[in-house]
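Student: below is the sequence, then the predicted model.
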Amino acid sequence: MVQLDNQLLQLAYKACEDKKAENIVVLDIHTISVMADRFIICHGNNERQVQAIVREIRDQVHKNGYNIRGIEGEEQGRWVLVDCGDVVVHVFHKEERDFYNLEKLWSDAPRVTVEV
């Protein structure tokens, strides 16, 4: 596992933890894709929890002076993509996460440990 120190990554990761996101995985994709440096992938057990996780990410990122480029899928609460630039967070409903299996799709990306 690769260990990276990145404040934005830590903020988004902690926001996920604070709202009880499950099975949080961080992938280092900077050598595989130009879209971001890291993906955070997690899930909630229902739409309300997914939306709460996304709100906490947005609040913490803004509170600490970072910008969010866009949020897609928030209303439905099934698969929400939060684009923070270098860090992209995928917050899934558990059923969607199992179906899309991004970890397998991006299996070439090393997993990253995050210390908050």
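Tutor: Good, I have the coordinates.
Student: give me the phi and psi for residue 66.
Tutor: Backbone geometry at residue 66, expressed as degrees, to the nearest 10, gives phi -100, psi 160.
Student: and the helix or strand hosting residue 60, what other elements does it pack with?
Tutor: Assessed by DSSP states H and E, residue 60 sits inside helix 47-63. Judged by 3 or more C-beta pairs under 8 Å, 6 or more residues apart in numbering; DSSP states H and E, the packing partners of helix 47-63 are helix 7-18, strand 38-44, strand 79-83, strand 87-93. (C-beta placed from N, C-alpha, C; glycine too.)
Student: CA atoms only: put the first one into PDB for me.
Tutor: When you say that, I think you mean helix 7-18. C-alpha atoms of helix 7-18 as PDB (Å, rounded to 0.1, in the frame of the first residue of the first chain):
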ATOM      1  CA  GLN A   7      -4.900  17.400   3.300                       C
ATOM      2  CA  LEU A   8      -7.800  17.400   0.900                       C
ATOM      3  CA  LEU A   9      -7.700  13.600   0.800                       C
ATOM      4  CA  GLN A  10      -7.700  13.500   4.600                       C
ATOM      5  CA  LEU A  11     -10.600  16.000   4.900                       C
ATOM      6  CA  ALA A  12     -12.800  14.000   2.500                       C
ATOM      7  CA  TYR A  13     -11.900  10.700   4.100                       C
ATOM      8  CA  LYS A  14     -12.700  12.000   7.600                       C
ATOM      9  CA  ALA A  15     -16.000  13.400   6.400                       C
ATOM     10  CA  CYS A  16     -16.900   9.900   5.100                       C
ATOM     11  CA  GLU A  17     -15.900   8.400   8.400                       C
ATOM     12  CA  ASP A  18     -17.800  11.000  10.400                       C
END
